[in-house]
Structure formats: C-alpha cells, structure tokens
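Trainee: here are the coordinates; sequence isn't available:
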C-alpha cells in the first residue's frame, strides 16, 4: 500500500541577484506505508525543500503531494497528519518536557488524563521515562533529541519527517541514535522520511535511499544498490570512497570484458551490456582490492593508519590517478614506498550507466 | 597552588575594585545620597519658607494616608486619588505602547537587514530633538483650532472641534508618544531573537496560528514584553512634563504634585514624602511583576 506519493514536484527560488534556482526540478517519489526513506545529497540539492513541501512550509510551483490518496496541497501545516523532527529540535524552552511532548495533543483539545498517558508512553518509547518534569535546558543534547522525537510521534502521525536530526550529536551518540531510530520506526509502523547529507547515516538506517542533486533525483535504491551499483559518477563519488577508472573496452571474452585505461592499465570488467570500443567508467571500492603477486603494479605513496585497517594510496606504475585501497593492518602490511600488485574480483567492478 | 590561587584572586579583586570604583563613587554621591536625604526630609517638619526643620514629623505621611491631626495637617484623599490616577495613566501607557509596538516589532524583524537598520534609526530619531519642543508640537496638533481638529473638520468627520487637549486622553497620548521607543527596543530584540523554528514546530504539531501565538510566540517574547513594560511604567508614573503641558486639572499626576510641593508650595518634607511613596509603589509593582515572571518560567 502506497503512503506518500510525490508527482512531478517543482519549486524554484529567486536568488538575491535575480536568478532562478530550481530547488525541486521534477521530483517523482513514492514512499511505502512502513518504509524508512532517506533523502541524501549535498547542501543545496533540494532535500530540505522537499521535506518542507511535505510538511507544508513550502508550496510547490507545480506537481502534487498525496498522502494515502489525499492531496496535501490545500492543507496548512497544522492540518497535515505529518510531524517533523527539526534539525535544531525547536523545543519550547518555556514548557516542561512533558508539556513539550504533549503539545500536539494539548492543541487538539485532548483531555488531561489521556494526554498524560500518551506523554508517558511516548517518553518511554524514546527512553526518557520520568524526565517529564524537567525543562529542555536541563537536558543534554542527546536527551533533547529524544524529547523532540517523542513530541513528534505523540499524535501518531502517518508520516514522520526528520530534518538532519542527528547532525548536532557526537559520533558515538549519533551511531546509537541511528540504531534506535530504525528500531523505533519499525515498532511504530509508520513511514519515516529522513534528510541527511551524511552517507554513512543513510546507509545504516534506510530501507531506500534517494540521492538528490540540484533539485533532481539522481538515483533511488536500497543502500546496497546505491553503494554497489551507483548509476552515475555523482552517486558513486558521494556514497563511500570510490576509485574511478575511465577505460575503453578492448575485447569481450564470455562474461568478462578486457578494458584498457588511457595510461595502459589493463582491467577486467563484467561484460554485461558492453561492446567493443565502448568508453566506460568503472567503479571499484577500496575494499574490493587485495594485495597479490600479480595484477595492477604500483607503489605505495601513503599509508594511513585507521585502526584495524590501513588505507593505502597506490600510484600505478603505468600512470593515472592514485588508487585507494583498504588493507588489513598487520606485521607484513606494506609501508610507504613499497612495490605492490593490486588484484580484484572482476564481478566486483561496476560499470556506470552514465558518466 | 593555594598560595598562587590566593595571589591570583587578590589581583583579580584589585582589578575589579579599580574598575568598579568610579561608578560606585558616582552612584553613591549622586544616587544613594540624594535618596537618603529625600527619605530623611520626608519625616521632618517643613520650614516656614521652604527647607526643613530638624524635628521628627510623621504627618507628611499622615496627610496622605489619613492619620493627620486635623489642625496643622488635614487628611485629603485627593493625594491617594492622584497617585491611583498616575498608576492608571502609566498602566494605560504601557498597554497602548505595547499594542502599538508588538506588531511593528514583528514587521521590522522580517525586513531586510538594511531596511531594518534604517527603521531602527527612525525609532531613535525623536531623541535628536528636545522633549519639550516635541510636546509643544503635540499641543499645536491637539488644540481646538489645531491640526487634528481642522483636518477632521475639513474632511467632515466632525462638526465641532474635539476636546482632547487638557484631558487625561491627551496625557496618555503624550506619554505613549514619548515611551514608544523605550517599549519598541526591548520588544524588538525579543522578537528578533525568537527562533522561527519554534513557530514552525508549533504549527507542525497541529497548532493553528492563534494557538501558536498564545502558546509559543507570546511566552517566548515575554521577557521583552516585561522589560519594555517596566522601562515604560517606571518613568510614566512619576512623569510631570507631559501632564504639565498637555493635561489640565483632570490630567494632574503625582509627579506634578511633587514638583508643586518643592517649587511652589515650598513644603519640601511633604514633597519628599510623596516621592518616597511613588518610589515604594514602583518598587512593589516591579517586584511583583518580576516574581510573576519567574513563576511563569521566563
């Protein structure tokens, strides 16, 4: 059952210099009733505008947004069955935590008893039982984040929007909250639309990721699809660390194609859809490579210690860009200046559809 | 360690003392001392030609509150009435200037930075000319043959000149006019600091515009409202220039009374007693409003 349907959404802004910038340039997106969808992209890609269009704080120039079949366009923000967790949390500092959480029920005229019960259960869901009497400014950043979350789910919205809610937290807390958010989402059984520019966050939590760029959707897919099979160079470079190889297909042998870069590095690629003489861009992640006795010959120019792993920067002897390789740290790990050979499984290489 | 800490502290104290000494001295001589003198005068007997005689005399207060002996000093309820009237005028000034400034503060906070600066400059513009001159201008506007009346009669709204000058309305109007910048600036700063995300959060959670205003915007800007109200209320209670120029007999305020006692009636102790009463009333109002603000969690 479809929950949120966005069709041909367009929205432009006028810059102070008088130019037109398309914040949303024809967005089509469907979010399932119980789906965790992440809008991912660099700042200015339109992800926040899209979120605000769903919550009702931005109007569309054209296109439609429907929630369970109802067009939202005519509804002001306070009549939409959608709630938002704001980036700054936007907690009401003049109210107690309990009143903050119960606000959505208070303005709907829910009586005190029912409200208190709902507030308690919402606080319990985010692990803040017994904190209702405090003031927001007496809480830590992580606790405020949870209050904002509890406040936005107390009225049981059909869709929860989250606008970079974890960006103000430190790394450990952020990772913990990522897991909790995902758990909460599956427990509540409602759709989450989560906005972030942090690709790691997107990969960890999402059922599907929507990669946006300059007001358009670059690719929609599961985290694995987005990571393993990026459609464009932009997606490949935005999600995770990437080595790109521009090569020309030399010949095709069964399931494998042999390609050669301009510098003469020979590469084996999956042959699916390729033909002889075609110019291709291949993606290989640092972890796809392993150190071997043969393969691409090169020299380690830098070895960066990452804890259990080493990040090696290898300059191919044939020339071309440095290749980033993840290697296990250990006694026989190569040092800077060492001559190495890099090999990879041809099926790990992914050829971009568009350059 | 302990020794060094103590040395640091004494050094800090020395710096602090040096920095605070001038202002302490200034306030001590020009604020505290006159206050003590006025307090002292208010319980001395009046001299025959002004000044005081050094003997204890509680009938200055007796005249106002009702324990006068009826021979030398007579209890007159008019003093308390004038005090109440002054409080009323000051309260009305607060309310009217608040109603005037609050929407404007929102409007200004949404202007572009350049226009905003220009507008703030306009707000402070009246300070560039003398208060008395500006009040005389109001006199010219409000008098029966003045600008306001001729304009209203010219467009046919009224056939008889309105009697505004020398009424309580003129006094309140004049005080609002003087106090608007003092109300506006703290209000504007509170409104400008209001996080827009709070308004959006309120609407997002289902509150309509009216609910959002009363449950979020008003409480969040309450510190500015309180600040403006206090700054406007205190000088308004004791104001004597505006009622002097624009108010007739019905517009007389407690400040005029004090002025008369010192300058015309030459009864310094009674003027001092009236002053002490103004001060204590203002202090009481201030403390109670602060207490209420604290309770409201501002």
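Mentor: Everything's here; your move. The shown structure was predicted, so the numbers you read here are calculated from the model rather than taken from an experiment.

Trainee: quick check: buried residues in the lengthiest strand in chain B?
Mentor: Criterion DSSP state E: the longest strand present in chain B is strand B:52-56. By neighbour count on 16 or more other CB atoms under 10 Å in any protein chain shown, the buried set for strand B:52-56 is residue B:52. Every residue, glycine included, has its C-beta placed from N, CA and C.

Trainee: sheet-wise, list the partners of that strand with their directions.
Mentor: Note on strand B:52-56: by DSSP bridges, its sheet partners are strand B:44-46 (antiparallel).

Trainee: contact partners of the partner strand?
Mentor: B:52, B:53, B:54, B:55, B:56, B:57, B:60, B:266, B:267, B:268, B:269, B:270 (CB atoms under 8 Å, 6 or more residues apart in numbering or on different chains).

Trainee: tell me the two of those that are most distant?
Mentor: The largest separation in these, counting by CB to CB, is between B:56 and B:266 at 20.1 Å.

Trainee: any weak-confidence spans in the stretch 251-355 of chain A?
Mentor: For the stretch 251-355 of chain A, the stretches with pLDDT under 70 are A:354-355.

Trainee: repeat that for chain B.
Mentor: Confidence mapping of chain B against pLDDT under 70 gives the ranges B:1-9, B:296-298.

Trainee: go again with 80.
Mentor: By pLDDT under 80, the low-scoring segments of chain B are B:1-11, B:48-50, B:67-73, B:249-250, B:292-298.

Trainee: for chain A, give me its nearest residue in the stretch 51-200 of chain B.
Mentor: At 3.9 Å from chain A, residue B:197 is the closest residue in the stretch 51-200 of chain B, using CB to the nearest CB.

Trainee: could you report the neighbour count for the closest residue to that residue other than its chain neighbours?
Mentor: Leaving aside its chain neighbours, residue B:197 sits nearest to residue A:90 (3.9 Å; criterion: CB to CB, 6 or more residues apart in numbering or on different chains). Residue A:90: 24 surrounding residues under other CB atoms under 10 Å in any protein chain shown.

Trainee: how close does residue B:213 sit to residue B:163?
Mentor: 37 Å (CB to CB, to the nearest Å).

Trainee: next one: residue B:67
Mentor: 39 Å.

Trainee: again with residue A:325
Mentor: 93 Å.

Trainee: do the same with residue A:158
Mentor: In terms of CB to CB, residue A:158 sits 63 Å off from residue B:163.

Trainee: then residue B:155?
Mentor: For residue B:155, the distance to residue B:163 (CB to CB) stands at 19 Å.

Trainee: more crowded one of the two?
Mentor: Remark: of residue B:155 and residue B:163, residue B:163 carries more neighbours, 14 against 8, as counted by other CB under 10 Å.

Trainee: my guess is the more buried one meets residue B:142, correct?
Mentor: No. Taking contact to mean CB atoms under 8 Å, the distance of 9.5 Å between residue B:163 and residue B:142 leaves them out of contact.

Trainee: where along the stretch 201-350 of chain A do the helices fall?
Mentor: A:223-228, A:233-238 (DSSP state H, counting those that start in this stretch).

Trainee: how about the residues of the stretch 101-250 of chain B by chain A?
Mentor: B:195, B:197-198, B:200-208, B:211, B:215-216, B:219-220, B:222 (CB under 8 Å from any CB of the partner chain).

Trainee: quick one: contacts for residue 145?
Mentor: As the question left the chain open, I've gone with chain A. Counting by CB under 8 Å, 6+ apart, residue A:145 has contacts A:89, A:165, A:166, A:168, A:169, A:177.

Trainee: not what I meant, chain B
Mentor: residue B:161.

Trainee: distance of it from residue B:165?
Mentor: Taking CB to CB, one finds residue B:145 at 10 Å from residue B:165.

Trainee: repeat that for residue B:134.
Mentor: From residue B:134 to residue B:165 the distance is 15 Å (CB to CB).

Trainee: compare those two (neighbour count), which wins?
Mentor: Taking neighbours as other CB under 10 Å, residue B:134 and residue B:165 compare with residue B:165 leading, 24 against 14.

Trainee: what kind of secondary structure is that one in?
Mentor: Classification of residue B:165 using DSSP: H, G, I helix; E, B strand; the rest coil returns coil.

Trainee: wait, it touches residue B:245, no?
Mentor: No. Taking contacts as CB under 8 Å, residue B:165 lies outside contact range of residue B:245: 9.5 Å.

Trainee: overlap in contacts of these two?
Mentor: residue B:139.

Trainee: which positions in the stretch 101-250 of chain A make contact with chain B?
Mentor: So the stretch 101-250 of chain A meets chain B at A:103, A:104, A:106, A:107, A:108, A:135, A:151, A:152, A:155 (CB under 8 Å from any CB).
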